[in-house]
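1. Below: sequence and its predicted model.
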Amino acid sequence: MKRSWLIALLLVLGMAAPARAADTIKLGFNIPLTGDIPDVGESSKNAAEMLKKKINDAGGIEVGGKKYLVEFIYEDNESKAESALSAARKLITQDGVLGMVGPQSSKQAVPAGEAANDLKTPMMAPWSTNPNTTKNRPYVFRGCFLDTFQGPTAAKFANEEFKAKKAAVLYDIASDYPKGLAEDFKAAFEKINGPGSVVAFETFTTKDVDFSAQLTNIAKSGADVLFVPQYYNEVPLIVKQAKSLGFNKPVLGSDSWGSGDLMGLCGDDCKGYFFVTHYAAAGAKGKTKEFIDEYTKLYKKTPDDVAALTWDGANLMLDAVKTLPALTGDMPKDREALMKAMAGIKKFEGITGDMSYPPTGDHDPIKCAVVVKIDDAGKFAFYKSVCP
Amino acid sequence: MQNLLNALQWGSFYSLIALGYCLVYGVLLLINFAHGDIFMVGAYIAFYVCMLFLGKFGFIPGMPGWLVLALAVPLTMLLTAVVGVTLERVAYRPLRRKGVNRLYVVITALMCGLILENGNLALLGASRKSFPTLLPTKVFDVFGVTVTNIKLMVIGVAIFSFLLLHFIVTRTKIGMAMRAISYDRFAVPLMGIPADTVIVFTFVLGSGFAGLAGLFFAMTYPVIDPYMGALIGWKAFIAAVVGGIGSIAGAFAGGFLLGFVEIMVVAFFPSTFRDLIAFSILLLILSIRPTGLFGVARRTKI
C-alpha cells in the first residue's frame, strides 16, 4: 500500500515537473509575511502581485522567441534568520525557482544570501542595506544603496541641516541592520566633527519596549541630534519616550522608517523629523508616479519604499531574463546565465532611480539616496537628494 | 535619580504581573504559564474598550480621555477576568477533577498561553496596533528629574494593587479561604468551604490585575502586538520566584527588584549585559535563599 502511494507520487512529480518548467518562469519571494515586520512582507507581496498581473496580462515575457508566463512563489520567513534560510533552501531546491527576490531586511538577507550563493541561484535583496549581504557572493544582487553609504549621508545631513556638533545614537545591537548603520554613522560623524563628537552611543535588544535608561543618558549627554536607525515598530516608542524624558532635539532616521505603518503607530509625535531613504512618494514624476497611482488604486494605500524596491528588484531580474538567448530548462545552467545577465546590465531605469552594477567587485548598485521630511500632514515629503 | 524613577515604572509592570502568578500559585500550587498572555489579551481588550468609548466604532459618541480611562479600568479588568476564568473552566478544572499530576496542568497552562497568542495572531493579524492617547502626556521637571503624569499613575496603580491584594488575602473571609486551600486542598471542602468558588475568585483576581497591567502597559508603550506578553510574562514569573512564589509581598518586591536591576545595568553598562547581569544577580539570590526573598519552605514544589 505504502509503496504504491510512493510510486503514484513519483509519477505525478515526474510528469508535472518538466511540463511546468517549460511554460513558466518561476521566481521565489522570501519575505516576512508574519513576525516582527509583517507590513514589509505585505508590501512586497502587493508589489509582486501587481507586477505579475501586468506581465501575464501582456502575455508574459519573451525569451529566445518563446513566450513565458511568470509564476511567483511566496515563502514566509517569519522575519527570522533561521526561517529565511529554510525558506531559501525550499524555494531553490524544492520549488526549483530560477531566481529569488528577498529577504528584505538584512537580518534575514545575510544568512539567506549565503544559501543562495552556495546553491548558485541568483538572489535579489531589494531592501537589505548591510554590506555582508552581497560581500564575495557573485550570485547575490542588491536593489538599494548600502549602509556604508546611508550612514555617512545621515551624518553629513545632520551636520549641514541641524549644524549638529554633538550626536547621539540609539540602536538595536542584536540586529545586523541597525548595528551596521549605527557604526557607520558614528565613524562618519566623528570624521566631520572630531573624535568624541558622538556623545552617546546607546544600545538595546530586539523586543525591548522600555528605553528610559538609555534615553536618560542621551538627554543628559547634550547631543544636538539623535540618530535612530530602527524599524517602524520601535520608532514610535523611542520617540514618545524621548519626549517624555525631556529630549526635544531633532531625531534623524534611516530607510527602515519609511516602511510599514509608521504614522499610524506614531501619530503626531513623529512629525517634523527626517530620514534617509530610497524614494519619496510625495512629489514623484513619470514612471514612479504611474506605479504609485496604480498601486494606490489597487491596494488603497501609498506604496512604501519596500513595495517600490521589490518592484524594481523583480523587474530587473526579469529584464535580465529577457536578454538570455533561451531557457534550456537545465536549472544550474539557466541560473548561471541569469546571474551573468544581471551583472551585465548597463542601465536599469527603475522607479527608485537608475541602477547599474559595477564591473568588478560585489553586486551593489550605483544609485542616489533621498532625504525625506515627515510633514505636518504626516506625509513623507521629498526634501533633498544626495548622490554618491 | 532619573533612572530610579524609570526603574520604578518598569518594575511596576513586573510586579503587577508577578502578583497574578503568585496568587494562582499560592492557592493551587499551579504555575499559570498562560499568565503573560492573559496580560497581552488584557492589553488588547483595553485597546478595544478604549476605541469603543472614544467613539471610533460609531456606537457611542466620543468621550473625553479621562472618562474613557475611568470606564476602561473596571471594564478591562472584568473582561480579562472572564478570559482567565474561562481558561480555568475549560482547561484546568477538568484536569484537577481527574486528579492528574500537577506537571500536566503546568504543561496545559503553557499550551493555553500559546493558544491565546496564536489565536490572537490569527484573529487580529500580525500588524501592531497603536494604543490611543487617553491622557495628554504632561512632562514635569522636578530638580532636574523629568516626570510624566503617566509614570506617576503607573507606579501609584502598582502600589495600590499590592495593598488591595494584601488586604484581600490577609483580612477577608475569602482571603482566608484562599490560604486554607493552599494549606490543605483536600481538607477544605470537608470544612464546608466551596473550593471551586474560591479558585474561580483567585483567577478573577489574578487575571483582573493582569488586565490592569495590560491597560497601563499599553498606555505607557502604545504599540501592542500578540507576542508582547510572552517575554515579560516569563520575566515576571522569575521575579515572582525570586520574591518567593506564593508570597504577595515577595512578588511585589521581586518585580521591583528585577525592574531596578535591569534599568540600572542598562544605565551604566552596554545593554547586552542587561539580562546576563540581571539574571546572575537573581540566581545568586536564589542560591542563597532557595525559597526566595519572602518565601517559606514547602514540602513539595514543582
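-> Sure thing, it's come through.
2. drop to CA atoms for contacts and neighbour counts, all remaining ones
-> OK.
3. If we go by neighbour counts, what in the helix or strand containing B:L215 is buried?
-> Using DSSP states H and E, B:L215 sits within helix B:195-220. For helix B:195-220, burial by neighbour count (16 or more other CA atoms under 10 Å in any protein chain shown) applies to B:195, B:198-220.
4. who are the neighbours of the following helix or strand past that helix, in terms of helices and strands?
-> Next helix or strand after helix B:195-220 toward the C-terminus (DSSP H and E): strand B:223-224. Secondary-structure packing of strand B:223-224 (3 or more CA pairs under 8 Å, 6 or more residues apart in numbering or on different chains; DSSP states H and E): strand B:129-130.
5. other SSEs contacting the strand it packs on?
-> Using 3+ CA pairs under 8 Å, 6+ apart, strand B:129-130 sits against helix A:262-266, strand B:223-224.
6. Report the mean per-residue pLDDT for the helix or strand that the longest one is followed by.
-> Beyond helix A:262-266 on the C-terminal side, the first helix or strand identified by DSSP H and E is strand A:274-277. Averaging pLDDT along strand A:274-277 gives 88.
7. from the chain's centre, how far out does strand A:274-277 sit?
-> Between the centre of strand A:274-277 and the centre of its host chain there is 14 Å, according to CA atoms, centre = their mean, to the nearest Å.
8. again with stretch A:256-272
-> Stretch A:256-272 sits 18 Å away from the centroid of its parent chain (CA atoms, centre = their mean).
9. Give me the residues contacting that stretch.
-> Residues from elsewhere that reach stretch A:256-272 (CA atoms under 8 Å, 6 or more residues apart in numbering or on different chains): A:37, A:39-40, A:229-233, A:235-237, A:239-240, A:275, A:277, A:304-306, A:373-376, A:378, A:380, B:128-131, B:222-223.
10. just the buried members of those residues?
-> By 16+ other CA under 10 Å, the contacts of stretch A:256-272 give A:37, A:39-40, A:229-233, A:235-237, A:239-240, A:275, A:277, A:304-306, A:373-374, A:378, A:380, B:128-131, B:222-223 as buried.
11. Distance of the residue in the stretch 101-250 of chain B that chain A sits nearest to relative to B:T220?
-> Residue nearest to chain A within the stretch 101-250 of chain B (CA to the nearest CA): B:S130, separated by 4.7 Å. Using CA to CA, to the nearest Å, B:S130 is found at 11 Å from B:T220.
12. Break down chain B into its strands, ranges please.
-> Shown for chain B, the strands assigned by DSSP state E span residues B:129-130, B:139-142, B:145-148, B:223-224.
13. With respect to B:M77, which of those lies nearest?
-> B:M77 lies closest, by CA to CA, to one member of the strands of chain B: strand B:223-224, at 17.5 Å.
14. pLDDT on the closest one, on average?
-> 88.
15. What of stretch A:282-301?
-> In this model, stretch A:282-301 carries a mean pLDDT of 86.
16. Could you list the residues in contact with that stretch?
-> So stretch A:282-301 is contacted by A:N46, A:A47, A:M50, A:A281, A:T302, A:P303, A:I351, A:T352, A:K379, A:F380, A:A381, A:F382 (CA under 8 Å, 6+ apart).
17. quick one: buried residues of that stretch?
-> Quick answer for stretch A:282-301 (16+ other CA under 10 Å): A:A284, A:T288, A:F291, A:I292, A:Y295.
18. CA atoms only for that stretch, dumped as PDB, please.
-> C-alpha atoms of stretch A:282-301 as PDB (Å, rounded to 0.1, in the frame of the first residue of the first chain):
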ATOM      1  CA  ALA A 282       5.000  62.700  -2.400                       C
ATOM      2  CA  GLY A 283       6.300  64.700  -5.400                       C
ATOM      3  CA  ALA A 284       7.000  61.800  -7.700                       C
ATOM      4  CA  LYS A 285       7.000  62.000 -11.500                       C
ATOM      5  CA  GLY A 286       6.900  59.900 -14.700                       C
ATOM      6  CA  LYS A 287       7.200  56.100 -14.300                       C
ATOM      7  CA  THR A 288       7.300  56.400 -10.500                       C
ATOM      8  CA  LYS A 289       4.100  58.300 -10.400                       C
ATOM      9  CA  GLU A 290       2.400  55.700 -12.700                       C
ATOM     10  CA  PHE A 291       3.500  53.000 -10.300                       C
ATOM     11  CA  ILE A 292       2.200  54.900  -7.300                       C
ATOM     12  CA  ASP A 293      -1.100  55.700  -8.900                       C
ATOM     13  CA  GLU A 294      -1.700  52.100  -9.900                       C
ATOM     14  CA  TYR A 295      -0.700  50.700  -6.500                       C
ATOM     15  CA  THR A 296      -2.800  53.200  -4.700                       C
ATOM     16  CA  LYS A 297      -5.800  52.300  -6.800                       C
ATOM     17  CA  LEU A 298      -5.300  48.600  -6.200                       C
ATOM     18  CA  TYR A 299      -4.500  48.400  -2.500                       C
ATOM     19  CA  LYS A 300      -5.900  51.700  -1.300                       C
ATOM     20  CA  LYS A 301      -2.600  52.900   0.200                       C
END
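19. sorry, back to before: rebuild the strands of chain B as CSV, extending it with distance to A:S259.
-> Listed next are the strands of chain B as CSV, based on distance: least, CA to CA, whole Å:
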stretch, distance to A:S259
strand B:129-130, 15
strand B:139-142, 30
strand B:145-148, 30
strand B:223-224, 16
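20. can you pull the contacts of the residue lying closest to B:L134 once chain neighbours are set aside?
-> Closest residue in space to B:L134, ignoring its immediate chain neighbours: B:G65 at 4.4 Å, by CA to CA, 6 or more residues apart in numbering or on different chains. B:G65 sits next to B:L54, B:T133, B:L134, B:L135 when contact means CA under 8 Å, 6+ apart.
21. Contact residues of chain A facing chain B?
-> A:34-39, A:173, A:202-205, A:209-210, A:212-214, A:216-217, A:233, A:236-237, A:244-246, A:264-266 (CA under 8 Å from any CA of the partner chain).
22. Next step: those residues restricted to helices.
-> When helices are assigned by DSSP state H, the members of those inside them are A:38-39, A:212-214, A:216-217, A:236-237, A:244, A:264-266.
23. Any quick PyMOL command for the buried ones out of those residues?
-> Selection of buried members from those for PyMOL, criterion 16+ other CA under 10 Å:
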select buried, chain A and resi 38+39+212+213+214+216+217+236+237+244+265+266
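24. of the ones in helices among the residues of chain A next to chain B, closest to B:R102?
-> A:P38 (38.0 Å).
25. Double-check the closest one against B:G125; I have them as touching.
-> No: using CA atoms under 8 Å, A:P38 and B:G125 do not qualify as a contacting pair, with a distance of 9.1 Å.
26. Tell me how far the residue lying farthest from the centre of chain B lies from A:K207.
-> Most distant from the centre of chain B: B:F143, at 32.6 Å, with distances by CA atoms, centre = their mean. Relative to A:K207, B:F143 is positioned 32 Å away (CA to CA).
27. now A:A155
-> Distance from A:A155 to A:K207, by CA to CA: 27 Å.
28. what does the stretch 151-300 of chain B have sitting close to chain A?
-> Within the stretch 151-300 of chain B, the positions adjacent to chain A are B:Y221, B:P222, B:V223, B:I263, B:M264, B:V266, B:A267, B:P270, B:S271, B:T272 by CA under 8 Å from any CA.
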